[in-house]
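*Asks:* Dropping the sequence and predicted coords here.
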Amino acid sequence: MDPSTTKALIEMSLDADKAIDITTIPLDEQTSLADYMIIATGTSTRHVAALAGKIKERLEKRGVRDIKLEGLGQSDWVVIDAGDVIVHIFRPEVRSFYNIEKMWGMAQPFSVVQNHAYIS
């Protein structure tokens, strides 16, 4: 999948599974690390872990391989490396503490998912 398709699938997955404050930051002009960073909040450690698991499952169904997940043990902050898209899923307090949107120079979110499409 191309980076924008991967990004859209991840955004829809997070939205379908009730993630909060989904924010997408385009990185292509800032770093060669990835094309996009997606940041979202889960309501609890269980929700954070479930969001991450569903993203991995949906990406694998569409042929994306070598997806790496870090942080599932505690699930306060899970990072998903899906190649061209990096996803950070936080519990609310952890997201507020690290405020990585500010670290990447964002005063306002670039895009916040508002589509409520269902994906399986």
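*Replies:* Good, I have the coordinates. Here the structure is a predicted model, which means the values were calculated and not measured. Numbering: from 1, shown residues only.
*Asks:* Return the set of residues that bridge with Tyr36.
*Replies:* Applying DSSP bridges to Tyr36 gives these bridge partners: Pro26, Val85.
*Asks:* Model confidence for it, exactly?
*Replies:* Note for Tyr36: predicted pLDDT of 94.
*Asks:* can you offset everything so residue one is 685?
*Replies:* Fine by me, first position is 685 from now on; the one you just mentioned is Tyr720.
*Asks:* Just say helix, strand or coil for the residue most central in space within the chain.
*Replies:* By Cα atoms, centre = their mean, the mean C-alpha position of the chain lies nearest to Val771, the distance being 3.1 Å. Using DSSP: H, G, I helix; E, B strand; the rest coil, the secondary structure recorded for Val771 is strand.
*Asks:* my guess is it contacts Ile694, does it?
*Replies:* Yes: counting by Cβ atoms under 8 Å, Val771 does reach Ile694; the two are 5.9 Å apart. All C-beta atoms are positioned from the backbone trio N, CA, C, and that covers glycine.
*Asks:* can you list residues touching both of these two?
*Replies:* Both Val771 and Ile694 are in contact with Ile722, Ile739, where contact means Cβ atoms under 8 Å, 6 or more residues apart in numbering.
*Asks:* quick one: low-confidence ranges for this structure?
*Replies:* Along the chain, segments meeting pLDDT under 70 span 789-804.
*Asks:* so where do the helices sit in it?
*Replies:* Using DSSP state H, the helices of the chain run over 687-700, 729-745, 776-782, 784-787.
*Asks:* angle of the first one against helix 729-745?
*Replies:* When you say that, I think you mean helix 687-700. 140 degrees (axes from the mean of the first three to the mean of the last three Cα atoms, to 10 degrees).
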